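>>> Have a look at this prediction, sequence included:
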Amino acid sequence: MIRFGIGYDSHRLVPGRPLILGGQHVPFDLGLAGHSDGDAVAHALTDALLGAAALGDIGTHFPDTDPRWKGADSLDLLRWAVALLHERGFTPLQADITVIAERPKLGPFFAAMAAALGSAVGIPTGSIGLKAKTNEGMGFIGRGEGIAAIAVATVEAD
Ligand code: MG
């Protein structure tokens, strides 16, 4: 049986933090705030995979009150979630992700992001879709206050 999951995440852009998206460092003058590295792309994908297996969300497994996850590499959280899926009899198949950011331009980083995310999930790079949208100047994303990501993932249940 094929199951679908959806994930959403957003983080605030702040000075003094590196911008990490899809496991890649994207050169920019601001970075994403967060208990972990703030990687909204990895978090949305993690939630989509957990959701497809009805295994809760990133907040239940990695509470931001837990010092173990402070400054965590979000690809590690993703790998942990994928291991949980396998343990429960689910195999990730593919994912499609839209990143919503007014700046910076993310397209040049998509190949590296897909490689990093695919490797963490254990699926081919070509099974990770990545798209970037601006918010046409509207709302918190349009004002450059934050970045959001939406992900859909499919998994196969054994
Ligand atoms: Mg997050």
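Looks like it came in fine. Numbering: from 1, shown residues only.
>>> Nearest to the ion: which residue in this structure?
Evaluated by Cβ to the ion, the chain has His43 as its residue closest to the ion, separated by 3.6 Å. Every residue, glycine included, has its C-beta placed from N, CA and C.
>>> Hmm, that residue is touching Gly7, no?
Yes: using Cβ atoms under 8 Å, His43 makes contact with Gly7 at a distance of 7.3 Å.
>>> what's the overlap in contacts for the two?
Shared contacts of His43 and Gly7, defined by Cβ atoms under 8 Å, 6 or more residues apart in numbering, are found at Ala149.
>>> before we move on, back to that, which residues touch the residue of the chain closest to the ion?
Per Cβ under 8 Å, 6+ apart, neighbours of His43: Gly7, Asp9, Ser36, Ile58, Ser74, Leu77, Ala149.
>>> how many other residues sit next to the last one?
Looking back up the chat, that one is Ala149. Look at Ala149: counted by other Cβ atoms under 10 Å, it has 27 neighbours.
>>> bridging residues for it?
Bridge pairing for Ala149 (DSSP bridges) gives the partners Asp9, Val99.
>>> so who does it touch?
By Cβ under 8 Å, 6+ apart, the residues touching Ala149 are 7-10, 21, 40-41, 43-45, 97-100.
>>> Output the lowest mean pLDDT helix or strand found in this protein.
Of all helical and strand segments in the chain, the minimum by mean pLDDT, DSSP states H and E falls on helix 58-61, at a mean of 90.
>>> What is the helix or strand following that helix packed up against?
Downstream of helix 58-61, the first helix or strand assigned by DSSP states H and E is helix 74-87. Contacts defined by 3 or more Cβ pairs under 8 Å, 6 or more residues apart in numbering; DSSP states H and E place helix 74-87 against helix 40-52, helix 58-61, strand 90-100, helix 110-121.
>>> Test my guess that Ile141 contacts Lys133.
No: using Cβ under 8 Å as the test, Ile141 is too far from Lys133 to be in contact (9.1 Å).
>>> overlap in contacts of those two?
Counting by Cβ under 8 Å, 6+ apart, the residues touching both Ile141 and Lys133 are Ile100, Ala101.
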